[in-house]
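**Q** Structural data only, the sequence is not supplied:
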Ligand SMILES: [Zn+2]
């Protein structure tokens with residue numbers, strides 16, 4: 001029999017039920033809900049002080065909560081404007097420094113836009129910049145991996161192939177596989193067979209270790225011809241989360257599943273409960 005891996009479930013940001021504003025209260029709420037993980041959201045800026053990061057790490061350890069982080073939205077590693085690229089690199093470095101101090105092990109980020117480039121040309125430029133960035137993260141001794149996210153609109157850099165490509169070619173880069181974005185971007189990839197195919201692709205490109213240490217985003221999603229429109233609660237959307245969870249279990253995937261539905265912990269709990277009942 002295939003060995004079972006553990007998937008951990010958590011929320012993007014603080015659960016709504018957190019008693020208090022801060023990340024420490026968020027960690028307590030996650031533990032009280034019976035969840036396993038939380039993504040620290042720096043999406044509007046890196047707001048966490050170094051002192052707070054130390055407290056967060058301590059509390060997460062004490063309550064056995066696994067942390068990831070999300071860098072600011074305002075990034076474009078493929079901007080024609082060198083100042084924008086420099087600022088993007090600085091934002092990712094700052095996020096990585098604070099998140100690493102807080103004990104987070106993956107930093108999700110929205111890498112870039114095509115800005116009129118062909119996908120191949122954009123990939124080459126982004127790869128060179130990300131490689132230098134990843135080398136700086138390693139040189140600083142941070143243990144966090146940089147996780148370019150699979151993006152929900154075809155106008156955004158970050159198809160499945162692109163993020164797997166960056167991850168296979170750059171040391172210290174691992175994919176943040178947003179299954180809902182992938183579905184919204186393509187209109188496909190939402191059946192058990194397709195989810196199995198996707199996981200087989202991850203293993204084929206990155207090896208079985210990558211399948212054991214996945215960084216996953218899931219939410220209900222509304223989409224159209226231009227891809228993602230907005231996040232929804234799972235039961236209001238066509239996301240076949242049961243098929244996804246079944247494929248993850250049958251393929252022996254492990255790692256962290258971060259739920260980005262508007263009802264955050266409700267769907268995170270739904271995902272965890274559904275997963276636990278799948279044989
Ligand atoms: Zn994201």
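**A** Structure's in. What do you need? Every value quoted in this text rests on a predicted model; they were computed, and no experiment measured them.

**Q** wait, residue 59 sits on residue 27?
**A** Yes. Shown here, residue 59 and residue 27 form a contact pair, counting by C-beta atoms under 8 Å, at 4.9 Å. (Glycine included, C-beta is placed from N, CA and C.)

**Q** Would you pull up how far whatever helix or strand residue 230 lives in lies from the middle of the chain?
**A** Assigned by DSSP states H and E, residue 230 belongs to strand 227-232. Put simply, strand 227-232 sits 16 Å off its chain's centre (C-alpha atoms, centre = their mean, to the nearest Å).

**Q** In whichever helix or strand comes after it, which residues are buried?
**A** Using DSSP H and E, the helix or strand that directly follows strand 227-232 along the chain is helix 241-250. Within helix 241-250, the residues that count as buried by 16 or more other C-beta atoms under 10 Å are 241, 243-249.

**Q** quick one: contacts of helix 241-250?
**A** Contact partners of helix 241-250, identified using C-beta atoms under 8 Å, 6 or more residues apart in numbering, comprise 4, 7, 179, 190-192, 195-196, 198-199, 216, 218, 234, 257, 270-271, 274-275, 278.

**Q** and with 6 Å instead?
**A** 179, 191-192, 195-196, 199, 234, 274-275, 278 (C-beta atoms under 6 Å, 6 or more residues apart in numbering).

**Q** Taking these, please make a ChimeraX selection of just the buried ones.
**A** In ChimeraX syntax, the buried subset of the contacts of helix 241-250 is picked out as below (16+ other C-beta under 10 Å):
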select :179,195,196,199,234,274,275
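
**Q** can you confirm residue 91 is in a helix?
**A** Yes. Read with DSSP: H, G, I helix; E, B strand; the rest coil, residue 91 is one of the residues of a helix.

**Q** Just the local confidence number for the nearest residue to it once chain neighbours are set aside, please.
**A** If the residues on either side of it in the chain are set aside, residue 91 comes closest to residue 72, at 4.9 Å by C-beta to C-beta, 6 or more residues apart in numbering. We have a pLDDT of 95 for residue 72.

**Q** give the contact list for residue 202.
**A** 210-211.

**Q** Kindly recompute the last result at 8 Å.
**A** Per C-beta under 8 Å, 6+ apart, neighbours of residue 202: 164, 175, 177, 210-211, 214.

**Q** One more: residue 170?
**A** Per C-beta under 8 Å, 6+ apart, neighbours of residue 170: 127, 130-131, 134.

**Q** Quick check: pLDDT value at it.
**A** Residue 170 is given a pLDDT of 97.

**Q** And residue 279, by the same measure?
**A** 89.

**Q** Distance of it relative to residue 249?
**A** To residue 249, residue 279 is 8 Å away according to C-beta to C-beta, to the nearest Å.

**Q** Please apply the same query to residue 108.
**A** From residue 108 over to residue 249 (counting by C-beta to C-beta), the distance is 23 Å.
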